[in-house]
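**Q** I'll drop the sequence and a predicted model, then ask my questions.
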Amino acid sequence: IQFRVPIYEWNVTVITLYGRKDIKTISEFMKVKDFSPEEIKNTTDELISDSVGGGRAYTSYNKKEAIIIIFPYENDASFYSTLNHEKRHLIDDILEFHGINDKEAAAHLDGFVSTIIFNNLGKLT
């Protein structure tokens with residue numbers, strides 16, 4: 001899913017990968033988004049290993065853009081745990097970039113992002 005966080009003017013993409021069949025798609029996506037060769041290799045190596053669980057959150061402060069990648073998961077609990085973990089990195093990165101250290105602002109931003117993700121959950125699982 002892709003969405004914008006209007007108050008901070010950030011673009012966010014959340015992607016779920018399901019295995020080796022996604023290597024070409026994620027590699028091409030990451031190239032278009034100007035990821036480093038090392039970041040692309042780390043992501044594709046994760047898929048090649050056939051391991052399950054985990055994710056990555058990439059942030060481009062210059063572009064005010066974040067990408068969350070969820071790797072193949074064992075069950076719904078591991079999916080939600082990973083998604084929330086990576087979402088926390090997103091929240092922290094946006095607020096840090098804007099010099100905001102406020103728990104209430106973090107809670108509001110988390111609520112906004114969580115609502116968008118919840119409303120698009122079918123596209124992620």
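**A** Good, I have the coordinates.
**Q** for the least confident helix or strand in the chain by mean pLDDT, packing partners?
**A** The weakest-scoring helix or strand in the chain, judged by mean pLDDT, DSSP states H and E, is helix 37-48 (a mean of 90). Counting contacts by 3 or more Cβ pairs under 8 Å, 6 or more residues apart in numbering; DSSP states H and E, helix 37-48 packs against helix 23-32, strand 55-60. In this view, the C-beta of every residue, glycine as well, is placed from N, C-alpha and C.
**Q** per-residue confidence averaged over the longest one?
**A** In this case it means helix 23-32. The average pLDDT for helix 23-32 rounds to 92.
**Q** which parts of that helix are buried?
**A** Ile23, Ile26, Ser27, Phe29, Met30 (16 or more other Cβ atoms under 10 Å).
**Q** who does the top helix by length along the chain touch, helix- and strand-wise?
**A** Counting by DSSP state H, the longest helix found in the chain is helix 76-97. Helices and strands touching helix 76-97, by 3+ Cβ pairs under 8 Å, 6+ apart, are strand 10-16, strand 55-60, strand 65-70, helix 103-119.
**Q** ok, residues contacting the second one?
**A** Contacting residues not belonging to strand 55-60 are listed as 33-35, 39, 42-43, 65-71, 82-83, 85-87, 89-90, 93, 97 [Cβ atoms under 8 Å, 6 or more residues apart in numbering].
**Q** now do the contacts for the most centrally placed residue in the chain.
**A** In the chain, the residue lying closest to the centroid (Cα atoms, centre = their mean) is Ile68, at 0.9 Å. The neighbours of Ile68, taking Cβ under 8 Å, 6+ apart as the test, are 12-15, 55-58, 83, 86-87, 89-90.
**Q** let's see that with 10 Å instead.
**A** When contacts are counted by Cβ atoms under 10 Å, 6 or more residues apart in numbering, Ile68 touches 1, 12-16, 55-59, 82-83, 85-87, 89-90, 113, 117, 124.
**Q** do Thr125 as well
**A** Going by Cβ under 10 Å, 6+ apart, Thr125 touches Thr16, Ile70, Tyr73, Asp76, Phe79, Tyr80, Leu83.
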